[in-house]
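Engineer: show me how the following folds:
(chains A and B)
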Amino acid sequence: MDETVKNTKPQKRLKPSSDAFKQVREAKIGLIRKLIAKARIKSPWLLHFDCGSCNGCDIETLACLTPVYDIERFGIINVGNPKHADILLVTGTVNHRNKKVLKKLYDQMPDPKVVVAIGACALSGGIFRECDNVVGGVDRVIPVDVFVPGCPGKPEAIIDGVILGLQKFVQKQKGAKDGD
Amino acid sequence: MMLLYNILIIIAVLLLTPIAVGLILGIDRKITAKCQSRKGPPLLQPFFDLFKLFGKEHVITNRWQYFCTYIYLVSAQLAIVLLFLGADLLLIFFVQASCAVFLVIGAMAVPSPYSQIGAHRELLQVLTYEPLLILIIIGIYMTTGSFMVDAVFAVNRPLLYDLPLMIVVLGYVLTIKLRKSPFDIASSHHAHQEIVRGVHTEFAGGNFGIVELAHWYEIGLALCLCMLFWATSIWGALAVLAIAFFLEILVDNISARMTWSWMLFHVWLVGFTLAAINLIWLYMR
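Structural biologist: Numbering: from 1, shown residues only, chains lettered A, B, ... in the order given. Got it, this is the predicted structure:
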């Protein structure tokens, strides 16, 4: 009689060291991870930094936020604050003056984050590449995930770049998981 | 049995409030987008935003910020739980005031000038609506003869018949609490610069998620106070809620952000006048 009771009880309540308990815990963590990963793709908040651009790319970037292109339908919001941003949009060439600002903005963004460089100048320095004061493309200062070409980049191309940036989030997540 | 019942109410309120408020905010963003002939984000967008924030790195500037964030969340939850347990309206008022103040202290714990200015503006907003809120509570007391929330349900006719001007005053409070134009002075949802994000500037990552969640509980409390004005039937309460919220969206879309001095002068002038007329009328009757 006593033996049967002993045999049935441990099955109801899982021991923290048992495999079944670990499986349940893994499943729960996996579910939360999936939920956050989905939310991350659905809610990218942008920070736009003009790194010495001629304003051509800036006008096109801000055009995305108007009702014509309405990027809020993807959950995208333009936040003017690195501490709330997930994606950093950079336009224009990097020079010795503003490279520190760019680095600081990047460092202030909480992980995970993605950088999208927009326009010929942000990609390589553009026509200003040979100037004394110019460092070159954005990737000389911070790691860039997506390059959007054009002079200036079209709003459609910028939206495509941001959506590509969202896929980078998934890749980064997978990378982090494998790393664990 | 009573204890079990109360615990069930507490759990239900803590779980259902964020769900309800998140959906209401989703509807808000959808309607606002439609007003501006845009498609707008999906209905569940506020939840995506919140979950994403929880999944981000916890970046804090100092430990005080962390402490204030959690006190803000807990006191916001406590205020709405007390309302559903039928507690004293004055107690709810004080808990709600402490929750508003802890957000300000959290923003002031950081040396950032944007955060500091935002904190001062938030304090002015609190200063603007708190006296009006207490006048509304006094109005409810003069109608029901008690400060208890349960007394509102004991009266058989809706509070709206006795406090018709007070609901307008509560509308002002709600606009400030929801951070809608023209009173989105301390922090705005449409913030393209740090100064406009104000009080929220220095909250980042998962910590900002907690601030957002606490704000949802605050909104829940303000909307429940609106529903209290037609507490006799659930449909009446929902109708008051729907009308109040639709007017909020309308006002948000047709007005621009104003200065804090305009807010203080305008809201106190109109709010105190309407509240005084209502209270005098209740007294003379």
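Engineer: okay, CA-based contacts and neighbour counts for the rest of this
Structural biologist: Will do.
Engineer: next helix or strand past the helix or strand hosting B:Ala214?
Structural biologist: Assigned by DSSP states H and E, B:Ala214 belongs to helix B:205-227. Once helix B:205-227 ends, the next helix or strand along the chain (criterion: DSSP H and E) is helix B:234-254.
Engineer: any idea how far that following helix is from the chain center?
Structural biologist: Here helix B:234-254 shows a centroid-to-chain-centroid distance of 14 Å under the convention C-alpha atoms, centre = their mean, to the nearest Å.
Engineer: same check on stretch B:229-249?
Structural biologist: With C-alpha atoms, centre = their mean, you get 15 Å for stretch B:229-249.
Engineer: stretch A:146-155 too?
Structural biologist: 18 Å.
Engineer: CA atoms of it as PDB?
Structural biologist: The C-alpha coordinates for stretch A:146-155 follow below in PDB (Å, rounded to 0.1, in the frame of the first residue of the first chain):
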ATOM      1  CA  VAL A 146      22.200  47.000 -44.000                       C
ATOM      2  CA  PHE A 147      23.500  49.300 -46.700                       C
ATOM      3  CA  VAL A 148      20.800  51.200 -48.700                       C
ATOM      4  CA  PRO A 149      22.400  52.600 -51.900                       C
ATOM      5  CA  GLY A 150      21.300  55.700 -53.900                       C
ATOM      6  CA  CYS A 151      21.900  59.400 -54.100                       C
ATOM      7  CA  PRO A 152      19.600  60.000 -52.400                       C
ATOM      8  CA  GLY A 153      18.100  56.600 -51.300                       C
ATOM      9  CA  LYS A 154      14.500  56.300 -52.400                       C
ATOM     10  CA  PRO A 155      11.800  56.000 -49.700                       C
END
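Engineer: buried residues in that stretch?
Structural biologist: A:Val146, A:Phe147, A:Val148, A:Pro149, A:Pro152, A:Gly153, A:Lys154, A:Pro155 (16 or more other C-alpha atoms under 10 Å in any protein chain shown).
Engineer: how about the nearest residue to A:Ile127 once chain neighbours are set aside, secondary structure?
Structural biologist: Closest residue to A:Ile127 apart from its sequence neighbours, by C-alpha to C-alpha, 6 or more residues apart in numbering or on different chains: A:Cys121 at 7.1 Å. Following DSSP: H, G, I helix; E, B strand; the rest coil, we place A:Cys121 in the helix state.
Engineer: does B:Ile60 lie in a helix or a strand, and which?
Structural biologist: Assigned by DSSP H and E, B:Ile60 falls outside every helix and strand.
Engineer: tell me the contacts of it?
Structural biologist: B:Tyr66, B:Phe203, B:Ala204, B:Asn207 (C-alpha atoms under 8 Å, 6 or more residues apart in numbering or on different chains).
Engineer: swap in B:Leu279?
Structural biologist: B:Gly139.
Engineer: go on, B:Ala237?
Structural biologist: B:Cys226, B:Met227, B:Leu228, B:Phe229, B:Trp230, B:Ala231.
Engineer: so which of those sits lowest on pLDDT?
Structural biologist: Of all the contacts of B:Ala237, B:Ala231 carries the smallest pLDDT score, 86.
Engineer: I figured it hits B:Phe153, correct?
Structural biologist: Yes - counting by C-alpha atoms under 8 Å, B:Ala231 touches B:Phe153, with 6.2 Å between them.
Engineer: now do the helices in chain B.
Structural biologist: Along chain B, counting by DSSP state H, helices occupy B:2-35, B:45-54, B:63-84, B:89-108, B:113-144, B:149-154, B:164-177, B:194-197, B:205-227, B:234-254, B:260-284.
Engineer: wait, chain A
Structural biologist: A:2-12, A:19-42, A:56-63, A:99-108, A:119-124, A:155-179.
Engineer: please identify the most buried of those helices.
Structural biologist: Mean neighbour count (mean count of other C-alpha atoms under 10 Å in any protein chain shown) peaks for helix A:119-124 among those, with a mean of 26.
Engineer: which residues of the chain score low on pLDDT?
Structural biologist: Let's take chain A. Where chain A drops to pLDDT under 70, the residues are A:1-16, A:173-180.
Engineer: looking at chain B here, not the other one
Structural biologist: The low-confidence ranges in chain B, as defined by pLDDT under 70, are B:191-194.
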